[in-house]
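A.B. asks: Just a sequence and a predicted model for now, questions to come.
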Amino acid sequence: MKRTALDQVALEVRGLYKSFEGINVLSGVNFTVNRGEVVALLGDNGAGKSTLVQCLAGLTQPDKGKIQVGQIERALCSPSASYQAGIAVVHQDLALVQGLSVVENLFLNREILHQHRMLRLLGWLDKKAMARQAKKLLQRLGMPLININAPVNTLSGGQKQAVAIIRAVYAGAEIIVMDEPTAALGAEQCARLVTLIRLLSSQGIAIILISHNLQQVDTLCDRAVILFQGQSVADVAIDEVSQAQLLGYMNGIELDIAQAS
Amino acid sequence: MLSKLNRQTFIYYACTSAMLIFILSLSGSAFFSAANLLNILLQTAPVAVMAIGLSFALSVGYIDLSIGAIVVICGMAAAFLLPLYGLPVAVVFALSLGVCIGAINGYLCERFALPPLIVTLGMLGVLTGFARKISDLQSIPIIHTHFITLFGHGSVLGVPIFLLWLAGLVMIAALIMTQTRFGRHLFAVGVSSSLAHQMGLNVSRVRMIAMSLCGGFCAFAGLLYAARMQSAKYTIGESDLMVAIAAVIIGGCSLLGGKVNIFAVVLGVWLLGCINNALIFSGFSSNEQMMVKGGILIVAVTITTRAQKS
């Protein structure tokens, strides 16, 4: 392990099954993620990654199996239930409301209301407090250069990604699932995102990273959970395996060896 | 807030103003008298209030075709109730009726996942038929002087009360859209309902409230019309739907939802009012005026849709 993870389980997924029209997409997914850990979720196309993410996001319900957040079993029956459970999914592209500004996106559905009781009742926004909070949040997470009043469609891909992640942090997420966060980013933006991910994990937030970039998985993640044909076939510490082995798992080649050991 | 008008809106203003100038060159200078300009403001005030209401529906990507019928039915409700129960009851009832009709529209769309175009078209039929039935195709006179002064012909310090109501409603709508949590949610739902849902917003509720607000504002427009004309008739508001939709689109909102600038919407109503007035001065008949308004609506939608695609 690259750093000592807090040995508290943040997320536990046990025996997850899901089929669509008779086709088994998930057929037995098990894994745990500890607090402050960065876990890669690997698998070839069609291995069931997106379905698993949808289950965690509350967009689909598994047929069978349980999802525990902390020590509590949760039925993630809607996106808001998932958010309330402390799971935030940062989708690849569909993460922010275009046309709203950074601060408006950061606080969407978690707006700070005015102090005054009457205005509060009317849903009056406290824009100053939100601007202050947003600046503080961006500062703390190493993104002070983002203009909080700019519409999000004027930001770069990396900044958008960062805003989406920071939004999740502000919402009090304990577990952040990132779906291909660096796929559309340049090298420098990638580096910044990596710093952000490290910072979050050092603050005890568990991160599940879905990525095709094994190089990145190697430098960033503590563990890798590999899905193959809807099953979690391996759960390995990144330090103990080579990239070739990871590829082997993803293609089902190393399966027998793993089961034998 | 006016500085936030987008470029597209300016193009509209430029186009419509150019058109206005063209028509004016045909008509001469009578248009520019202060009395005429004030007259335009007064005439368009109820439509402006309807357009403000419609802005709420359009900003969540919905539409309300029944706004004209809501105006009629609420005006009639007020006309019927005024002699029986007095001013407060009539006004409160008429406004609540508008909100309720809007809420029913919204509820039907959400509960049964129906397209708002069809639901509100049906509502238009139901309400119009009902209004014709209860009024027996007659105009219902209003003789309640307080009502007429308060909503139509009174003035405060020389400013017509009609314009004060309009200004007040514009402010309320603008504050709801820019200063409240609901305003933010409105735009989020309008831009992407699936994303709003993912972020945990109650999309159905936001849409239903938007439709109710639309109904409420149209009810108010009904009161203004009734007080101004001192009567309620089933033909009022019939041709206003087209103007209201065109104004909201000129105000920068596409039919697919998104940000609306209320001030731009009201400016749009005024511009259309000016064009209409200039057409009258130039000797165009009401049929021809209607054709021009319809043409403007189509052009406005075309420009907005093209701008969104690019």
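C.D. replies: Cool, got the structure. Just so you know, these numbers come straight off a predicted model, no measurement behind them.
A.B. asks: Please make it C-alpha for all contacts and neighbour counts, starting now.
C.D. replies: Noted.
A.B. asks: can you pull out the strands in the chain?
C.D. replies: Looking at chain A here, since you left the chain open. For chain A, the strands defined by DSSP state E occupy A:9-20, A:23-34, A:38-43, A:64-69, A:72-74, A:87-90, A:175-179, A:206-210, A:223-228, A:231-237.
A.B. asks: you looked at the wrong chain, it should be chain B
C.D. replies: B:140-141, B:155-156, B:159-160, B:231-232.
A.B. asks: List just the one of those that sits closest to A:Ala47.
C.D. replies: Among the strands of chain B, strand B:231-232 comes nearest to A:Ala47, with 66.5 Å by Cα to Cα.
A.B. asks: Quick one: distance of that closest one to the chain centre.
C.D. replies: Relative to its chain's centre, strand B:231-232 lies at 19 Å (Cα atoms, centre = their mean, to the nearest Å).
A.B. asks: So for residue 171, what's the pLDDT?
C.D. replies: This is for chain A. If you check A:Ala171, the pLDDT there is 81.
A.B. asks: Let me rephrase: I mean chain B.
C.D. replies: So, for B:Met171, pLDDT stands at 95.
A.B. asks: Same list (the strands of chain A) but as a markdown table, adding mean neighbour count, mean pLDDT and distance to chain B.
C.D. replies: Converted to a markdown table, those look like this (neighbours: other Cα atoms under 10 Å in any protein chain shown; pLDDT from 0 to 100; distance: least, Cα to the nearest Cα, whole Å):
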| stretch | mean neighbour count | mean pLDDT | distance to chain B |
| --- | --- | --- | --- |
| strand A:9-20 | 19 | 90 | 20 |
| strand A:23-34 | 19 | 90 | 22 |
| strand A:38-43 | 27 | 91 | 22 |
| strand A:64-69 | 18 | 89 | 18 |
| strand A:72-74 | 14 | 86 | 16 |
| strand A:87-90 | 28 | 88 | 9 |
| strand A:175-179 | 25 | 90 | 14 |
| strand A:206-210 | 25 | 92 | 18 |
| strand A:223-228 | 26 | 90 | 25 |
| strand A:231-237 | 20 | 86 | 26 |
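A.B. asks: Can you report how many residues neighbour A:Pro144?
C.D. replies: Applying other Cα atoms under 10 Å in any protein chain shown, we find 14 other residues in the vicinity of A:Pro144.
A.B. asks: how much space is there between it and A:Val233?
C.D. replies: 41 Å (Cα to Cα, to the nearest Å).
A.B. asks: ditto for A:Val225
C.D. replies: Separation of A:Val225 from A:Val233 (Cα to Cα): 8 Å.
A.B. asks: so who does B:Ala167 touch?
C.D. replies: With Cα atoms under 8 Å, 6 or more residues apart in numbering or on different chains as the criterion, no residue contacts B:Ala167.
A.B. asks: got a pLDDT number for it?
C.D. replies: 95.
A.B. asks: Kindly report the same for B:Ser254.
C.D. replies: Value for B:Ser254, per-residue pLDDT: 68.
A.B. asks: if I look at B:Thr305, how far off is B:Ile52?
C.D. replies: B:Thr305 is 21 Å from B:Ile52, where distance means Cα to Cα.
A.B. asks: Comparing the two, which residue is more hemmed in?
C.D. replies: Between B:Thr305 and B:Ile52, counting by other Cα under 10 Å, B:Ile52 is the more crowded of the two (33 against 15).
A.B. asks: What is the neighbour count of the nearest residue to that one once chain neighbours are set aside?
C.D. replies: Nearest residue to B:Ile52, sequence neighbours excluded (Cα to Cα, 6 or more residues apart in numbering or on different chains): B:Ile262, at 6.6 Å. Per other Cα under 10 Å, the neighbour tally for B:Ile262 reads 30.
A.B. asks: In contact with B:Ile262, which residues?
C.D. replies: B:52, B:55, B:170, B:173-174, B:251.
A.B. asks: redo that, cut-off 7 Å
C.D. replies: B:52, B:170, B:174 (Cα atoms under 7 Å, 6 or more residues apart in numbering or on different chains).
A.B. asks: give me the number of residues near B:Arg132?
C.D. replies: Around B:Arg132 there are 17 residues (other Cα under 10 Å).
A.B. asks: what about the strands of chain B, which gets the closest to A:Leu16?
C.D. replies: Of those, the one closest to A:Leu16 (Cα to Cα) turns out to be strand B:231-232, at 64.1 Å.
A.B. asks: What average pLDDT does stretch B:79-87 get?
C.D. replies: On average, stretch B:79-87 scores 93.
A.B. asks: can you count the residues close to A:Leu56?
C.D. replies: Residues near A:Leu56, counting by other Cα under 10 Å: 25.
A.B. asks: Could you measure from it over to chain B?
C.D. replies: Distance check for A:Leu56 against chain B: by Cα to the nearest Cα, to the nearest Å, it reads 12 Å.
A.B. asks: ok so, going back, any chance of the strands of chain B in a markdown table, plus distance to A:Val69, mean pLDDT and mean neighbour count?
C.D. replies: Shown next, in a markdown table, are the strands of chain B (distance: least, Cα to Cα, whole Å; pLDDT from 0 to 100; neighbours: other Cα atoms under 10 Å in any protein chain shown):
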| stretch | distance to A:Val69 | mean pLDDT | mean neighbour count |
| --- | --- | --- | --- |
| strand B:140-141 | 65 | 91 | 17 |
| strand B:155-156 | 62 | 88 | 12 |
| strand B:159-160 | 62 | 90 | 14 |
| strand B:231-232 | 61 | 90 | 25 |
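A.B. asks: For these, give me CSV that also has distance to chain A.
C.D. replies: Shown next, in CSV, are those (distance: least, Cα to the nearest Cα, whole Å):
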stretch, distance to chain A
strand B:140-141, 37
strand B:155-156, 28
strand B:159-160, 29
strand B:231-232, 33
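A.B. asks: contacting residues for the most far-flung residue of chain B relative to its centre?
C.D. replies: No residue in chain B has its C-alpha farther from the mean C-alpha position than B:Gln198, which lies at 31.7 Å (Cα atoms, centre = their mean). B:Gln198 makes contacts with A:Pro79, as judged by Cα under 7 Å, 6+ apart.
A.B. asks: If we use 10 Å, what do you get?
C.D. replies: A:57-59, A:78-80, A:82-83, A:88-89, A:94-95, B:192 (Cα atoms under 10 Å, 6 or more residues apart in numbering or on different chains).
A.B. asks: out of the residues you listed, what pair is the most spread apart?
C.D. replies: Largest separation among these by Cα to Cα: A:Ser82 and B:Ser192, giving 19.4 Å.
A.B. asks: Among these two, which residue is more densely surrounded?
C.D. replies: With neighbours defined as other Cα under 10 Å, A:Ser82 and B:Ser192 compare such that A:Ser82 has more, 25 against 21.
A.B. asks: What distance do you get for that one to chain B?
C.D. replies: Distance from A:Ser82 to chain B, by Cα to the nearest Cα: 9 Å.
A.B. asks: How about the contacts made by the residue lying closest to B:Pro141 once chain neighbours are set aside?
C.D. replies: Once flanking residues are discounted, B:Pro141 sits nearest to B:Ser231: 4.2 Å by Cα to Cα, 6+ apart. B:Ser231 makes contacts with B:75-76, B:78-79, B:139-143, B:148, B:223, B:225, as judged by Cα under 10 Å, 6+ apart.
A.B. asks: switch the cut-off to 6 Å
C.D. replies: Each residue near B:Ser231 by Cα atoms under 6 Å, 6 or more residues apart in numbering or on different chains is listed here: B:140-142.
A.B. asks: Any figure for the gap between it and B:Gly222?
C.D. replies: 11 Å.
A.B. asks: Which positions in chain A make contact with chain B?
C.D. replies: Taking Cα under 6 Å from any Cα of the partner chain as the criterion, chain A approaches chain B at residues A:79-80, A:123-125.
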